[in-house]
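Asker: Pasting a predicted model and its sequence here:
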Amino acid sequence: MEIARKFYIMTASIGTGHSQAARAIAEAIQRTHPSDSVQVLDFVSSNLFSIDHIIKDGYLKMIDVFPEMYDHLYSDSQMSRFGQFSQKMLSLSFKRRMKNLIMATKPDAMIFTHPFPAGAADLLKAEGSISIPLLGVITDFDIHQLWIDRYLDGYCVATPDLKDLLETYDIDGSRIRVTGIPVRRAFYEKAKEREAFEKGTVLVMGGGLGLGNVVDNIARLDEVEEISKFIVVTGKNISLYEKVAALAEKLKHPVELHSYTNKVAEMMARSEILVTKPGALTCTEAMVMHLPMVLVNTLPGQERANAMHMKNLGCAEWVKRGELADSVRAILRDPLVRKKMADACSVAPSGSADQVAKVLYDLARKQ
């Protein structure tokens, strides 16, 4: 009889896609290996003056006020000495916290859906302080320098192209598995039910943090006669929720308003189109649901790569704010266009979280 194992999945609440992917992996482990334990931990410190809180606040302010500056920082740190130095400094900053965590919890393996904790664990393994298997799960359609760790035992990436890209950073291809981005089982179950969407219903999202010009998007879309109803998800952004609630009283179309919710799969199943910024996890969830997307308010950095990937697949239109209403109108008016976009979503991998769990157990068996 096998001894029960203990796994920790490390994420960081700098955006919610990393955390949703972590929960999808935990769900898969619990379902496929119920005798083992798994826990998702947020690596971001509760201390408001910690380096990661400062980075999180700075990141959110920069993409809101100085998006082009963030875009330059993102691009300049790719495959550069500046990027390597930044990664080393961040990893050193988090190293002691990671060491204390591992000593306290004594896991059999660790999974990372964010590069901050992954880099810290990589340093510990490099110096021989730890020997447990380490698995990185990249949750975008791009690879940043922060993810280049030499001592991770494995990587899970979304596409074969990303595997090739990761290899250009001198990461051994035998350590890289193409699994897709982990998505919770609820999305696959809703997709199998094949319930008819509600004609003219448009789902508007701004990610888990409620970013992007959601209020402006709704105001523009309110002029589209083909829309029958809005479903709006504002995430954890209370201010945005209040603004949308106030706006809803003035709109021609009814609004079903939600804050942060676990019912996104059900909402996607009811919707004819999704209007969102291109977070990789949200886009992957929509692909599983065969839900056409109109991508707008793209944040600088990795979201541009996400948007380009979705556009190239044919399951999304990538537009500027001034083009939003016309794009949505054209899709709603032509069922064949919508069907073509929905069919293009079929390239989404099935059971992505289960595949990540399988990679984890393969690594654990080799230990």
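Answerer: Yep, it's here. Just so we're clear, the structure is a prediction, and the values are computed from it rather than from any experiment. Residues are numbered from 1 along each chain as shown.
Asker: pretty sure residue 205 contacts residue 282?
Answerer: Yes. Taking C-beta atoms under 8 Å as the contact criterion, residue 205 and residue 282 are neighbours in contact, 6.3 Å apart. In short, each C-beta sits where N, CA and C put it, glycine included.
Asker: hang on, residue 286 in a strand?
Answerer: No. Residue state for residue 286 (DSSP: H, G, I helix; E, B strand; the rest coil) corresponds to helix; a strand is not indicated.
Asker: show me what contacts it?
Answerer: Applying C-beta atoms under 8 Å, 6 or more residues apart in numbering, we find residue 286 in contact with 268, 274, 276, 292, 293, 315, 345.
Asker: Farthest pair within the residues you listed?
Answerer: Considering C-beta to C-beta, no two members of the contacts of residue 286 lie farther apart than 276 and 345, which are separated by 14.1 Å.
Asker: which residues are common contacts for residue 205 and residue 282?
Answerer: The contact lists of residue 205 and residue 282 share 274, 276, where a contact means C-beta under 8 Å, 6+ apart.
Asker: Just give the nearest non-adjacent residue to residue 252, would you?
Answerer: In space, and not counting its chain neighbours, residue 252 is closest to residue 222: 5.5 Å by C-beta to C-beta, 6 or more residues apart in numbering.
Asker: circling back to that earlier point, filter the contacts of residue 286 down to just the ones in strands.
Answerer: Judged by DSSP state E, the subset of the contacts of residue 286 located in strands is 274, 276, 293.
Asker: For burial, what's the neighbour tally of the second one?
Answerer: Each residue near residue 276 was counted by other C-beta atoms under 10 Å, and the total is 24.
Asker: what residue ranges in the stretch 251-367 of the chain are flagged as low confidence?
Answerer: Confidence mapping of the stretch 251-367 of the chain against pLDDT under 70 gives the ranges 367.
Asker: in it, which spans are strands?
Answerer: Under the criterion DSSP state E, counting those that start in this stretch, the stretch 251-367 of the chain contains strands at 255-258, 273-276, 293-295, 316-318.
Asker: Turn those strands into JSON lines, columns for distance to residue 301.
Answerer: Compiled in JSON lines, those are given as follows (distance: least, C-beta to C-beta, whole Å):
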{"stretch": "strand 255-258", "distance to residue 301": "27"}
{"stretch": "strand 273-276", "distance to residue 301": "16"}
{"stretch": "strand 293-295", "distance to residue 301": "15"}
{"stretch": "strand 316-318", "distance to residue 301": "15"}
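Asker: Residue 38 reaches residue 10, doesn't it?
Answerer: No. The criterion here is C-beta under 8 Å, and residue 38 misses it with residue 10 at 11.7 Å.
Asker: Specify which residue of the two has the higher count of neighbours.
Answerer: Looking at residue 38 and residue 10 with other C-beta under 10 Å, you find the greater number of neighbours at residue 10, namely 26 against 22.
Asker: And what about that one, helix, strand or coil?
Answerer: Under three-state DSSP, residue 10 comes out as strand.
Asker: Chain neighbours aside, what residue packs nearest to it?
Answerer: residue 117 (3.9 Å).
Asker: mind checking which helix or strand the one you found is in?
Answerer: Taking DSSP states H and E as the definition, residue 117 sits inside helix 115-126.
Asker: hmm, who's touching that helix?
Answerer: Helix 115-126 has contacts (C-beta under 8 Å, 6+ apart) with 10-12, 14, 43, 52, 87, 90-92, 94-95, 97-99, 102, 110, 112, 130-131, 134, 136, 144, 146-147, 149-152.
Asker: again, only this time at 6 Å
Answerer: Contact with helix 115-126 is made by 10, 12, 43, 87, 91, 94-95, 98-99, 112, 130, 134, 136, 146-147, 149, 151-152, as judged by C-beta atoms under 6 Å, 6 or more residues apart in numbering.
Asker: Give the other helices and strands that the following helix or strand past it contacts.
Answerer: Using DSSP H and E, the helix or strand that directly follows helix 115-126 along the chain is strand 134-137. In terms of contacts (3 or more C-beta pairs under 6 Å, 6 or more residues apart in numbering; DSSP states H and E), strand 134-137 is packed against strand 109-112, strand 154-157.
Asker: run the last query once more with 8 Å
Answerer: Helices and strands touching strand 134-137, by 3 or more C-beta pairs under 8 Å, 6 or more residues apart in numbering; DSSP states H and E, are strand 109-112, helix 115-126, strand 154-157, helix 352-366.
Asker: so how far is that strand from its chain's centroid?
Answerer: 15 Å (C-alpha atoms, centre = their mean, to the nearest Å).
Asker: Now do the buried residues in it.
Answerer: Residues of strand 134-137 classed as buried under the neighbour-count rule (16 or more other C-beta atoms under 10 Å) are 134, 135, 136, 137.
Asker: list the contacts for the first one?
Answerer: Each residue near residue 134 by C-beta under 8 Å, 6+ apart is listed here: 109, 110, 112, 118, 121, 122, 125, 149, 151, 152, 153, 154.
Asker: Quick check: bridge partners of it?
Answerer: Residue 134 has these beta-bridge partners by DSSP bridges: residue 110.
Asker: Return the per-residue confidence for residue 60.
Answerer: pLDDT, the model's per-residue confidence, is 54 for residue 60.
Asker: ok so, going back, closest to residue 242 out of the ones in strands among the contacts of residue 286?
Answerer: Nearest to residue 242 among these, with distances taken as C-beta to C-beta, is residue 276, at 20.2 Å.
Asker: quick one, what contacts the closest one?
Answerer: Applying C-beta under 8 Å, 6+ apart, one finds that residue 276 lies in contact with 203-207, 212, 282-283, 286, 293-296.
Asker: possible to save those as a markdown table with distance to residue 161?
Answerer: Below are the contacts of residue 276 laid out as a markdown table (distance: C-beta to C-beta, whole Å):
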| residue | distance to residue 161 |
| --- | --- |
| 203 | 28 |
| 204 | 30 |
| 205 | 26 |
| 206 | 27 |
| 207 | 24 |
| 212 | 26 |
| 282 | 20 |
| 283 | 15 |
| 286 | 20 |
| 293 | 20 |
| 294 | 24 |
| 295 | 19 |
| 296 | 24 |
